[in-house]
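Undergrad: just coords:
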């Protein structure tokens, strides 16, 4: 697929917005992936190229959260490898199993996450983290592996699930959970990216150029999240989650 300046400009606008949203609460793929489809990318090439752009922009937002001390090294250092391993297995499984069996399950869980977050108004507003325990680390490793697998296998809602689980298991607030989510997302994105690159499903010209655009969006989004804090992140999280629920409901029922 030859590089076209009009397609690039269309992608640049939508992917920039996607990166801003993703840096705040996750869910940027809801915007960037359809944009790749809209300009004529074949499905697998769109998935691979989007993964390349998203990985580099996620790296930028993760770095911003790291600098702002919104990443808990004690937690992510123990979970990162499990997220990576789960993602590798998830990508390999996706090649041989139809994702339609996973969509209803993730759809139902997303609804429960949304309703729980909506009902519990104080959820994630304060950071009650007191350190890790053997129990929380075990739960965290299981969570990281399972969601890494899910991200490699299917993907939609991964950031929402990660943020929710980090808040529930480790008693983090939304701001800290968002920073740690970015680090764990890096591992699963990297695993998926390697597989797509190996299969030749990447357009490097678009992927790198859009990644530069998305990096600026990620920096802006992470700055907003860090400066405005939990009262800003939580509403965005709820909006992105409900949009994701609506999108999946259309795919499942229509």
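TA: That came through fine. Since the structure is predicted, the reported quantities are computational estimates derived from the model, not experimental observations. Numbering: from 1, shown residues only.
Undergrad: where does residue 6 fall, secondary structure wise?
TA: Element membership of residue 6 [criterion: DSSP states H and E] is helix 5-25.
Undergrad: mean confidence (pLDDT) on that helix, please.
TA: For helix 5-25, the per-residue pLDDT values average out at 92.
Undergrad: and residue 172, which of the three is it?
TA: coil (DSSP: H, G, I helix; E, B strand; the rest coil).
Undergrad: distance of the residue nearest to residue 78 when sequence neighbours are not counted relative to residue 198?
TA: In this structure, residue 78 finds its nearest non-sequential neighbour in residue 137, 5.7 Å apart by C-beta to C-beta, 6 or more residues apart in numbering. Heads up, the C-betas are built off the backbone N, CA and C, glycines and all. Taking C-beta to C-beta, to the nearest Å as the measure, residue 137 falls 32 Å from residue 198.
Undergrad: quick one, which of those two is more surrounded?
TA: residue 137 (16 against 10; other C-beta atoms under 10 Å).
Undergrad: hey, where'd the helices end up in the stretch 1-150 of the chain?
TA: 5-25, 29-38, 43-67, 73-96, 103-119, 134-153 (DSSP state H, counting those that start in this stretch).
Undergrad: who does the last one touch, helix- and strand-wise?
TA: To tie it back to what came earlier, the one meant is helix 134-153. helix 73-96, helix 158-170, helix 174-198 (3 or more C-beta pairs under 8 Å, 6 or more residues apart in numbering; DSSP states H and E).
Undergrad: show me which positions of it end up buried.
TA: Buried residues in helix 134-153, counted by 16 or more other C-beta atoms under 10 Å: 136-137, 140-141, 143-153.
Undergrad: just give me the closest of those residues to residue 53.
TA: Closest to residue 53 out of these is residue 151 (15.9 Å), distances taken as C-beta to C-beta.
Undergrad: pLDDT value on the closest one, please?
TA: Per-residue confidence at residue 151 stands at 84 (pLDDT).
Undergrad: where does the stretch 1-150 of the chain dip in pLDDT?
TA: Along the stretch 1-150 of the chain, segments meeting pLDDT under 70 span 95, 97-102.
Undergrad: the same query, at a cut-off of 80, please.
TA: By pLDDT under 80, the low-scoring segments of the stretch 1-150 of the chain are 1, 27, 30, 44, 91-92, 94-103, 105-106, 121-122.
Undergrad: tell me the helices and strands packed up against the helix holding residue 6.
TA: Packed next to helix 5-25, using 3+ C-beta pairs under 8 Å, 6+ apart, are helix 29-38, helix 43-67, helix 158-170, helix 174-198, helix 204-228, helix 230-253.
Undergrad: and these as JSON lines, adding distance to residue 20?
TA: Putting the helices and strands packed on helix 5-25 into JSON lines (distance: least, C-beta to C-beta, whole Å) gives the following:
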{"stretch": "helix 29-38", "distance to residue 20": "9"}
{"stretch": "helix 43-67", "distance to residue 20": "9"}
{"stretch": "helix 158-170", "distance to residue 20": "14"}
{"stretch": "helix 174-198", "distance to residue 20": "13"}
{"stretch": "helix 204-228", "distance to residue 20": "4"}
{"stretch": "helix 230-253", "distance to residue 20": "10"}
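Undergrad: nearest to residue 118, of those helices?
TA: Here helix 230-253 is closest among the helices and strands packed on helix 5-25 (C-beta to C-beta), at 6.5 Å.
Undergrad: for the helix holding residue 6, the distance to its chain's centre please.
TA: Distance of helix 5-25 from its chain centroid, counting by C-alpha atoms, centre = their mean, to the nearest Å, is 15 Å.
Undergrad: got it, and stretch 146-163?
TA: With C-alpha atoms, centre = their mean, you get 7 Å for stretch 146-163.
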